[in-house]
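Pasting the sequence and the predicted coordinates here, then a few questions.
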There are 2 protein chains.
Amino acid sequence: MDPFDDPRLTAMGLLAEVSTGLAAELGKTFSAAGLSEVDFETLIRLARSPQHRLRMSDLAGQTSLSTSGITRVVDRLEREGLVQRSPCSTDRRASYAVLTEEGVNRLTALVPQHLEDIDTWFTSLLTPEQLATFLETLRTIRDVVRPCATAGVERAPTS
Amino acid sequence: MDPFDDPRLTAMGLLAEVSTGLAAELGKTFSAAGLSEVDFETLIRLARSPQHRLRMSDLAGQTSLSTSGITRVVDRLEREGLVQRSPCSTDRRASYAVLTEEGVNRLTALVPQHLEDIDTWFTSLLTPEQLATFLETLRTIRDVVRPCATAGVERAPTS
DNA sequence: TGTAGAAAGTTGTTGCCGCAAGCATCCCAG
DNA sequence: CTGGGATGCTTGCGGCAACAACTTTCTACA
């Protein structure tokens, strides 16, 4: 009867709830460490990149932030000493954001708790088979909605 | 070797990418209709509630927005004539947000395209069995990370 | 070589949201 | 029935991010 009770709406709502709810739980650990989710995302992307560095626009491409957003995130992180700007030798327009040693340390201190959080609120709730199937499905969708998530990576099997 | 290459990080990143990527695609339809995602979320929650209305704080509980956030969302929607505040007869502190006829119309006009979007970017990518399994897994996680998502509903099997 | 257009990054502006404070109302213990 | 604490909502304030405009540098084409 009610046209607003479509199972697709429910499915989409469920996905959104899980994502935001999970992010809210994980965010507690971040803010306890004085970082925002975006900060962490940025730092971890740098940590997983060759030489712990990435050009500003590649960072933007990976994080669904605009380039101006990245400018400000890196501003903040640089002010805290976790990241440093470094000019690109082959293109004077471009800058790298490079993880500093302090940035690595901060991440290293944070990651164990973060992994435990992921276990608690996500992976440990599923059997290994369930988890594998779930990730497979996520990859299927990801490949469609985010075809260029590997900016700045030459073809790394990140997932 | 690199401690930042844990499969759990990858799993979590994948989930986040899918969620934000999907939201970005679906958001195009919303903004074409002059609404934000939050606006749509709010309207659809009202549409799926008895009498097309919900108390402000219940709305907040359902949407992971703070109560002050809800105040402002309803401000905007009311300014556009899609929603109307209505005092609660049994508690003079409380207000209902009620969907107006125009609000219903706007939603009715928007939902078909939205459903098609969900198909395009999500459900049609999976087989029915895959989708069912996926939703089951999402429910498992949802029940843990968001135990009170049914505020204002007396025990409706919303999903 | 010179020039037009594209691209990388930054900055001004605007709007959104959470937090804390405030006001009105409700509830309950005494 | 009365006073204090809890609850529902709104508002002031601060921070964050997108958009657009701008500067500098690169690239391609004549």
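That came through, no problem. Numbering: from 1, shown residues only, chains lettered A, B, ... in the order given.

can you give me the strands in chain A?
Taking DSSP state E as the test, the strands found in chain A are A:53-55, A:83-87, A:95-99.

could you redo these as a markdown table and give each row mean pLDDT, distance to residue B:26 and mean neighbour count?
No exception for glycine: its C-beta is placed from N, CA and C like everyone else's. Below are the strands of chain A laid out as a markdown table (pLDDT from 0 to 100; distance: least, CB to CB, whole Å; neighbours: other CB atoms under 10 Å in any protein chain shown):
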| stretch | mean pLDDT | distance to residue B:26 | mean neighbour count |
| --- | --- | --- | --- |
| strand A:53-55 | 98 | 28 | 22 |
| strand A:83-87 | 98 | 32 | 16 |
| strand A:95-99 | 98 | 30 | 22 |
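
Would you reformat these as JSON lines and include distance to residue A:125?
Formatted as JSON lines, the strands of chain A follow (distance: least, CB to CB, whole Å):
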{"stretch": "strand A:53-55", "distance to residue A:125": "32"}
{"stretch": "strand A:83-87", "distance to residue A:125": "34"}
{"stretch": "strand A:95-99", "distance to residue A:125": "32"}
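
Is it possible to get JSON lines of those strands that adds distance to chain B?
Listed next are those as JSON lines, based on distance: least, CB to the nearest CB, whole Å:
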{"stretch": "strand A:53-55", "distance to chain B": "13"}
{"stretch": "strand A:83-87", "distance to chain B": "15"}
{"stretch": "strand A:95-99", "distance to chain B": "10"}
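
So in chain A, which helix runs the longest?
Longest helix of chain A, by residue count under DSSP state H: helix A:7-32.

Show me which residues of that helix are buried.
A:8-9, A:11-23, A:25-27, A:29-30 (16 or more other CB atoms under 10 Å in any protein chain shown).

Roughly how far does the most centrally placed residue in chain A sit from DNA strand C?
Nearest to the geometric centre of chain A sits residue A:41, at 3.7 Å (CA atoms, centre = their mean). Note on residue A:41: its distance to DNA strand C, by CB to the nearest atom of the strand, to the nearest Å, is 17 Å.

ok, now residue A:37?
Taken as CB to the nearest atom of the strand, the span from residue A:37 to DNA strand C is 12 Å.
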